[in-house]
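Visitor: Next input, structure requested:
(chains A and B)
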Amino acid sequence: NAGVTQTPKFRILKIGQSMTLQCAQDMNHNYMYWYRQDPGMGLKLIYYSVGAGITDKGEVPNGYNVSRSTTEDFPLRLELAAPSQTSVYFCASSSLGSNQPQHFGDGTRLSIL
Amino acid sequence: GESVGLHLPTLSVQEGDNSIINCAYSNSASDYFIWYKQESGKGPQFIIDIRSNMDKRQGQRVTVLLNKTVKHLSLQIAATQPGDSAVYFCAESRTSGTYKYIFGTGTRLKVLA
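Guide: Residues are numbered from 1 along each chain as shown, chains lettered A, B, ... in the order given. Below is the predicted model of the structure:
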């Protein structure tokens, strides 16, 4: 049971480039989340999804987009990379809503130069 | 990763001693709380959770205490081991009307041999 799998693990982008961070879970969880983690800060919610076809903005959605075409996959898209998006990105999933623990992937470390 | 741990408060504990990590939560309406452990280069790992109808919950070598009066949460680790070295942070949520967590910034636990 792989849990939550994120790819790639590391990436360096140039300003203005675009990329997609992949996230897949094999636990049949309805709820999925994208966070960014900056040094000395708590996790900040970018986008979340309560099921296939349903997504919503979190605290810091600007510069990002998501889609949820299947229960398993929840990719995060950066269209025009900016230095402020340098961060570690975590994907998480949970079986129910906010009263169940979220399970995290090991993250994607992204640098924008 | 390591960059996440910069500027965090640090607790240094001798191997074999008990550790107590504290967390002040922000929302008096929060009714579900979780402790996570994050090792260098890894995603947050669920340790233990507690709901607001409880004051204490025990797991394997860990105990979580909840004081709703002062909005305080603590994680106690018994007989701390070198493998316990990590960043620990709490998360709070409100089970009605939201799927979102609020995450603390974390405490770095260093276990001294």
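Visitor: switch to C-alpha atoms for all contacts and neighbour counts from now on
Guide: OK.
Visitor: where do the strands sit along chain B?
Guide: In chain B, strands defined by DSSP state E lie at B:10-14, B:19-24, B:32-38, B:45-51, B:56-58, B:62-67, B:72-77, B:86-93, B:101-103, B:107-112, listed in chain order.
Visitor: cool, and chain A?
Guide: Assigned strands in chain A, in chain order: A:4-7, A:10-13, A:19-25, A:31-37, A:44-51, A:54-57, A:64-66, A:76-78, A:87-94, A:103-104, A:108-112 (criterion: DSSP E).
Visitor: Go through the ones you listed and pick out the most buried.
Guide: Compared across these, strand A:87-94 shows the largest average neighbour count, a mean of 26 (mean count of other CA atoms under 10 Å in any protein chain shown).
Visitor: thinking again about what came up before, now distance to chain B and mean pLDDT too, for the strands of chain A, in CSV please.
Guide: As requested, the strands of chain A are exported to CSV (distance: least, CA to the nearest CA, whole Å; pLDDT from 0 to 100):
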stretch, distance to chain B, mean pLDDT
strand A:4-7, 10, 97
strand A:10-13, 11, 96
strand A:19-25, 13, 98
strand A:31-37, 7, 96
strand A:44-51, 8, 94
strand A:54-57, 11, 95
strand A:64-66, 17, 97
strand A:76-78, 17, 97
strand A:87-94, 7, 96
strand A:103-104, 6, 96
strand A:108-112, 9, 96
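Visitor: which stretch among these comes nearest B:Ser28?
Guide: For the strands of chain A, proximity to B:Ser28 was assessed by CA to CA; strand A:44-51 is nearest, at 20.0 Å.
Visitor: Who does the closest one pair with, and is each partner parallel or antiparallel?
Guide: Strand pairing for strand A:44-51, determined by DSSP bridges: strand A:31-37 (antiparallel), strand A:54-57 (antiparallel).
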